[in-house]
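Asks: Build me a structure from this.
(chains A and B)
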Amino acid sequence: MKLLPKSSFFFVLLLLIYSSCKKENNNNPKNIYKITFYDSISYHKSDAGKQDSAIYYTRKMLEIAKDEHDVTSEKEAYNKLAIYFKKNKNVDSSFHYINKFFALSKKTRDTLSMAKALYKKGWHYRRIDSLNLAKRNLMDSKNYYLQIDDSLKVSYNLLDIANIEKKQGNFGMSQFYSIQGLKYIENTSNARTTSKFYYTIAVAAKERGDLPTAEKRINQALALANDSISIKTIGHSNVISFYDTKANILKAKGNYTLASDIYENLLNNSLNLGKLSKGARVRVNGNLAHTLFLKSGFNERSDSLLKNSLYFYKKEDNTSGLISINMKLAELYSNRDETKAVSYLEKVIEQANILDNKKSLYEAYHKLIMINNSKENIAKYLVLEEVVRREKDSLESRFVNTKFDFDKSENERIKAENENIILENKATNRLVQNLILLLILISSFVIAYFIYQRIKRKHKIEKVKTVHVTEARISTKVHDELANDLYELMTQLETANPEKEVVLDKLDTIYNQARDISKQIQSVDTDKGFADELSNLFRTYQSNLVNVLLKRYDTDIWKGISEHIKITLYRVLQEFLTNMKKHSNASLVVVSIEKQHKQLFIQYIDNGKGFTTEISKNGLRNAENRIRAIKGKLTFDTELSKGCKFSINVPV
Amino acid sequence: MFTKVLIAEDMDDINTGVLTVLSKLEIATIDHVQYCDDADLKAKRARKDEKPYELLITDLSFVKDHREQQLSSGEELIVTIKAAQPNIKVIVYSVEDKLQRVRRLKNEHGIDAYVCKGRKSLQELKTAIRRVFKGEEYFSEQVKNALSPKSDMEIDDYDIGLLRLLSEGLSQDEIAKNLKARSVSPNSLSSIEKRLSKLKIYFKANNAIHLIANAKDLGLI
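Replies: Predicted structure coming up:
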């Protein structure tokens, strides 16, 4: 309990911080408030039917929104203006603001607003009979709604499109779009839209001659209008149209009694659908009259009904209505009074010519030649038949084309979906492949590392071996050359009493031997100074007793030859010279060095005592081994007291 | 004779030998040290006292031991002392006979004598000191070659060609003509003569016949 005041204090503090932060973010809260204010006031004004003041306040709202760069409010204002202007019957201004609304939505990539705007544009185009433009806008709107998964709006769009197609006479397309739209709405309880879809399908199917479908669909539509509440939802005039269509279908099926019953019911308001509008009444009258005629031939009721309708259409100056009624009158009189029938038909022809309605003309001539088959009429009839047939053909082919286009686009969509699936699979496969590749890479790295380690160890062992060999050689030398001589001297000193000079001479020899051994393992400059190093080697053995001659050669041949080849050659020549000095008593030595066709060719010649091959076996084994190690070849040619000749070939 | 000499040599016995030689030369002050750093310090001290050493006798290699040294070799010592005292005389007394090393010491560091340790080296050292005192140079027999021109004992294809012509019994005149005919130069009589006398020295020959015999023995022709 003690904690309570403390924690509440904190809460207040947090609130204060929060509110202050919020204030900082919106630097002008006054304008935000104004926008909200104008928004609501314009809404209420419009609701109260005062569109002018609603427009006035919305414009104010628009100004502030523009000043504040508040795009959301700006869009809202355009939308509202469009609505209020439409309500105010100023359709052009409304259309103007719709376009602005759309442009801004597109700029801000607001899919929902774009869909809304496009739908409204579609409505406007439809109003001015730009049916194709209207269709395109509605189609775009539908696609945007699809993106945001608003299936109700998608179905609205499709219904409108279906109605436009119906109006254009493309009943197949109309039916197709209706069926499509139905899919989006079927599982909802939106009776109004669903029934309208059924109605549209029914009308389209009837026009295409598919009466069973038409009947089934119109029954579905009427099933939804089964009580007063749902009738109200769907709308009385819509339900009247449903019944009218049902009657028309029955009439087309030849079920005249049922059809005329429905017409009578509509006219009597026995279906509780309210009073018919004048247009609807005239239409139903016409239909009833025609049904009665079809049922029982000429009768007075049909005659009066049709004449009433004729009067009404004349007053309204409704040409297409007049055509329809005159045609029905001509039919009514065809068996009874041919003169009258012909005069009605002539009226039909006259009116159809005004509208350029080829179908009505064709029908009129068709009836005309039944009564009066004059050559003139037959000729006209044949021409019209041709025209109508061609029109029908072109309509059909257009329908087929559109259908085909649709199928094509559908196929493409399916194909695209399949491709997506394939791509996804591919992506998965690629991932797996990458993983495998990575695994292989890692394992090969590991293997390579182990192999490298093994090679390294092998090299190390070899290196150690070489060191051991060298050590053994030096040890032999020290033992054979130094230790033996020293022992000899020691025994001499012990047994005899040699002169000091003799001892000193002997010691000097041993000293020089020791130095020679040291020289043989001294480091050699194998870099740029190698040629100098080599000629110095020869010069070291140059003395009063021996001339070491070097045949001039291009010292550049040493460039690019590997270090161990150079060292090996140096050591071998050094050994030759040491042997020469020690054993051969030579006075002349000639060394030549050449490089030809990637082969180093070195020749050593002296004029000393030479040696037998027996001795050479031991004496030259070392040199031979060295040369073999650099993949070279050592050949020698010697005879006792005739000097010796060594040739070395090394590939480089 | 020199009055003040510094010896840097790490081997006591060798030192004793050197001291024996030097004592016979009537030199007033002979200091010897076993480390290069000590040698440097002594030289510095002497310069400070304005009684600098006149001669430095030094080994090249000093065996490394527990004492940490700034200067680890005779070469470094020579460089350091020569830098502070450019007119000091230097004799190197060493086992080493690598010609490049000797050449570098002579040409870059300006040593006056190089004596190789050996059977007769103490005698040589005495000679060297005397020579250096007179302002001359001294280099032991083994390393003398280091200072002679490089192309000393080189022969080439021209020389072998010459020997071949001579072995074919041609006289010097005929050789000259032959060379001219093949437009090989030099082909003047005097240059041929000069070349042949040089070859006689190279091949240790007393006359032309001896020269050809030696060349034939070697299988050059």
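
Asks: Give me the mean pLDDT for stretch A:276-296.
Replies: pLDDT averaged over stretch A:276-296 equals 84, rounded to a whole number.

Asks: again, but for stretch A:174-182
Replies: Per-residue pLDDT values across stretch A:174-182 average out to 85.

Asks: ok, now stretch A:433-440?
Replies: Along stretch A:433-440, the predicted confidence averages to a pLDDT of 94.

Asks: now it: how far from the chain's centre is it?
Replies: Per CA atoms, centre = their mean, to the nearest Å, the displacement of stretch A:433-440 from the mean C-alpha position of its chain is 25 Å.

Asks: and if you look at stretch B:166-174?
Replies: Mean-position distance between stretch B:166-174 and its chain equals 39 Å (CA atoms, centre = their mean).

Asks: Buried ones in it, by neighbour count?
Replies: Within stretch B:166-174, the residues that count as buried by 16 or more other CB atoms under 10 Å in any protein chain shown are B:166-167, B:172. Where you see a C-beta, it was placed from the backbone N, CA and C, and this is true even at glycine.

Asks: likewise stretch A:537-544?
Replies: Buried-residue list, stretch A:537-544, by 16+ other CB under 10 Å: A:537-542.

Asks: tell me, which of the residues you listed make contact with chain B?
Replies: Residues shared between the buried residues of stretch A:537-544 and the neighbourhood of chain B are A:538-540, A:542 [CB under 8 Å from any CB of the partner chain].

Asks: shaky segments in the chain?
Replies: Let's take chain A. Within chain A, the stretches falling below the threshold (pLDDT under 70) are A:1-28, A:391-392, A:394-410, A:413, A:612-619.

Asks: Hmm, no, I was thinking of chain B.
Replies: Regions of chain B meeting the criterion pLDDT under 70 cover residues B:148-152.

Asks: Up against chain A, what does it have?
Replies: B:95, B:97-100, B:118-119, B:141-142, B:145-146, B:150-156, B:202-204, B:214, B:217-220.

Asks: For ChimeraX, write a command that selects the buried ones of those.
Replies: Only the buried entries of the residues of chain B next to chain A go into this ChimeraX selection, using 16+ other CB under 10 Å:
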select /B:95,97,98,99,118,119,142,145,146,152,153,155,202,203,204,214,217,218,220
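
Asks: Narrow the residues of chain B next to chain A to those in strands?
Replies: The subset of the residues of chain B next to chain A located in strands under the criterion DSSP state E comprises B:154-155.

Asks: So which of the residues of chain B next to chain A belong to helices?
Replies: The members of those that map onto helices under DSSP state H are B:99-100, B:141-142, B:202, B:214, B:217.

Asks: Can you pick out the most distant pair from those?
Replies: The largest separation in these, counting by CB to CB, is between B:Gln100 and B:Asp217 at 32.4 Å.

Asks: which residue ranges form the strands in chain B?
Replies: Ranges of strands in chain B, per DSSP E, are B:4-8, B:29-33, B:55-58, B:89-94, B:113-116, B:138-139, B:154-155.

Asks: looking at the ones you listed, which is closest to B:Thr127?
Replies: Among the strands of chain B, if distance is taken as CB to CB, the winner is strand B:138-139, at 6.3 Å.

Asks: That closest one - contacts with which helices or strands?
Replies: Counting contacts by 3 or more CB pairs under 8 Å, 6 or more residues apart in numbering or on different chains; DSSP states H and E, strand B:138-139 is packed against strand B:113-116, helix B:121-133.
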